[in-house]
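*Asks:* when you get a sec, could you give me coordinates for this:
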Amino acid sequence: MTGIRPGDRVTLHYRLASLGQEIVNTFADAPETFRIGSGELDARLEKHLLGMTSGQRETLHLPALDAFGERDEDLRQTLPRRDFPEDAPVGHQVGFELPNGHNLLGTIVQVDENSVVVDFNHPLAGLPVEFEIEIIAIDHDQ
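*Replies:* Residues are numbered from 1 along each chain as shown. Down below sits the predicted model:
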């Protein structure tokens with residue numbers, strides 16, 4: 001039985017929790033399917049799937065660096081207030097299209113009359129994560 005490798009389509013159940021708070025849990029619902037390396041799942045989490053086999057179930061306790069990375073204060077940007085809607089609330093996530101066509105998601109963390117501070121760190125950056133995985137199926141065809 002061959003384990004998961006880059007390019008495989010993997011169907012799995014997973015659960016993410018941090019500091020005792022559950023973030024997502026597919027075990028009570030339908031499993032999800034991802035292509036390894038496509039960016040659908042954060043690459044730092046994907047690397048923990050490599051080599052796993054169908055039917056395997058693991059619970060990983062990951063430090064921030066191995067989950068969504070450490071917080072990077074350089075990823076907090078102050079932008080002109082005029083570039084945001086009048087009712088842009090703190091805590092609201094906003095998307096920005098990059099020149100390469102990709103989207104970047106940030107969270108508004110501060111608003112004043114002249115500027116808006118947006119944090120582009122992943123919301124779980126800097127936090128330890130519990131990552132529970134059950135591999136349902138692996139499709140090696142590419």
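*Asks:* would you map out the domains in this structure?
*Replies:* Under the assignment automatic domain parsing, the domains of the chain span 9-69+124-139, 73-119.
*Asks:* mind listing residues that contact the worst-scoring helix or strand of the chain on mean pLDDT?
*Replies:* When each helix and strand of the chain is scored by mean pLDDT, DSSP states H and E, strand 93-97 comes last, with a mean of 86. The contact list for strand 93-97 (C-beta atoms under 8 Å, 6 or more residues apart in numbering) reads 84, 88, 103-108, 118. C-beta here means a position set from N, CA and C on the backbone, and glycine is covered the same way.
*Asks:* switch the domains of the chain over to CSV; also include mean neighbour count and distance to Gly3.
*Replies:* Listed next are the domains of the chain as CSV, based on neighbours: other C-beta atoms under 10 Å; distance: least, C-beta to C-beta, whole Å:
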stretch, mean neighbour count, distance to Gly3
domain 9-69+124-139, 15, 4
domain 73-119, 12, 29
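*Asks:* quickly, which of these bottoms out on average pLDDT?
*Replies:* Within the domains of the chain, the least confident segment by mean pLDDT turns out to be domain 73-119, at a mean of 90.
*Asks:* how far off centre is it?
*Replies:* Centroid separation between domain 73-119 and its chain, computed with C-alpha atoms, centre = their mean, to the nearest Å, is 19 Å.
*Asks:* also stretch 130-142?
*Replies:* Averaging C-alpha positions (C-alpha atoms, centre = their mean) puts stretch 130-142 17 Å from its chain's average.
*Asks:* now do stretch 27-35
*Replies:* Its chain's C-alpha centre lies 15 Å from the corresponding centre of stretch 27-35 when counted by C-alpha atoms, centre = their mean.
*Asks:* next: stretch 121-138.
*Replies:* On the basis of C-alpha atoms, centre = their mean, stretch 121-138 is displaced by 8 Å from the centre of the chain it belongs to.
*Asks:* start to end distance for that stretch?
*Replies:* 31 Å (C-alpha to C-alpha, to the nearest Å).
*Asks:* element containing Tyr14?
*Replies:* strand 9-18 (DSSP states H and E).
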